[in-house]
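next comes the sequence, and after it the predicted model I'd like to discuss.
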Amino acid sequence: MPSLIKSPIKPHLGIALLLLVVLVTSACGFRLRGFIELPENLQPLYISSQGGANNLAATLARQLEQSGVVISQELDPSKLRLELKDFNSSQRQVVFGQREEFELSLQITASARDSQGEALFTDEVLQAYRQYSYNSDTDSLLTRDSLRKELLRSMEDDLIRQLTLRIQALQ
């Protein structure tokens, strides 16, 4: 006859295994994707942007702040100054007919200076590309526009990833 009494060891074993996994992943340097570490000598960071780069700059600042990077609202106390400019987006149709194919591209130019105005990198062009297909017989315009917006958001995330990697390389 099976025993109805449950062993108290099994719940504790599960908790112990969970703690072990947490300990091992933290010990190996595991960080959540998108986590940005910037040394104290490059903080606070000031981000300036022109024209269409304003939304991208705001998203970048928000992500950096969530990672613990100090963002300055003024130029004076900053130790690192990031300038974003010449934000361009384009779309071109590469295949015509019943199955249409489009190519999207985003591009931004970035520069960084230290607190003395010394250039750390200048006018680096960062780009992201995507292609998508649209069947004019079966897909609605709403579907096409929704896909395009989703791809643009993904491309902006790519540009932000490229920017954060470039900033981290300054270490």
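That came through fine.

does residue 84 touch residue 51 like I think?
No. The pair residue 84 / residue 51 is not scored as a contact, 9.4 Å apart, by C-beta atoms under 8 Å. No exception for glycine: its C-beta is placed from N, CA and C like everyone else's.

of the two, who's got more company?
Between residue 84 and residue 51, counted using other C-beta atoms under 10 Å, residue 84 has the larger neighbour count: 23 against 10.

separation between that one and residue 58?
Note on residue 84: its distance to residue 58, by C-beta to C-beta, to the nearest Å, is 10 Å.

ranges for the helices of the chain?
For the chain, applying DSSP state H gives helices covering 9-27, 54-66, 141-168.

reformat these as a markdown table; add distance to residue 97, mean pLDDT and mean neighbour count.
Shown next, in a markdown table, are the helices of the chain (distance: least, C-beta to C-beta, whole Å; pLDDT from 0 to 100; neighbours: other C-beta atoms under 10 Å):
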| stretch | distance to residue 97 | mean pLDDT | mean neighbour count |
| --- | --- | --- | --- |
| helix 9-27 | 50 | 63 | 10 |
| helix 54-66 | 34 | 92 | 16 |
| helix 141-168 | 15 | 89 | 15 |
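
now render the ones you listed as TSV, adding distance to residue 80.
Listed next are the helices of the chain as TSV, based on distance: least, C-beta to C-beta, whole Å:
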stretch	distance to residue 80
helix 9-27	28
helix 54-66	11
helix 141-168	8
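
of all those, which lies closest to residue 107?
Shortest separation from residue 107 across the helices of the chain is recorded for helix 141-168, at 8.4 Å, computed as C-beta to C-beta.

orientation of that closest one relative to helix 54-66 in degrees?
Here helix 141-168 points in a direction 50 degrees away from that of helix 54-66 (axes from the mean of the first three to the mean of the last three C-alpha atoms, to 10 degrees).

what pLDDT is listed against the residue nearest to residue 65 when sequence neighbours are not counted?
Nearest in space to residue 65, with sequence neighbours left out and distances taken as C-beta to C-beta, 6 or more residues apart in numbering, is residue 71 at 5.4 Å. With respect to pLDDT, residue 71 scores 93.

nothing else from me, thank you.
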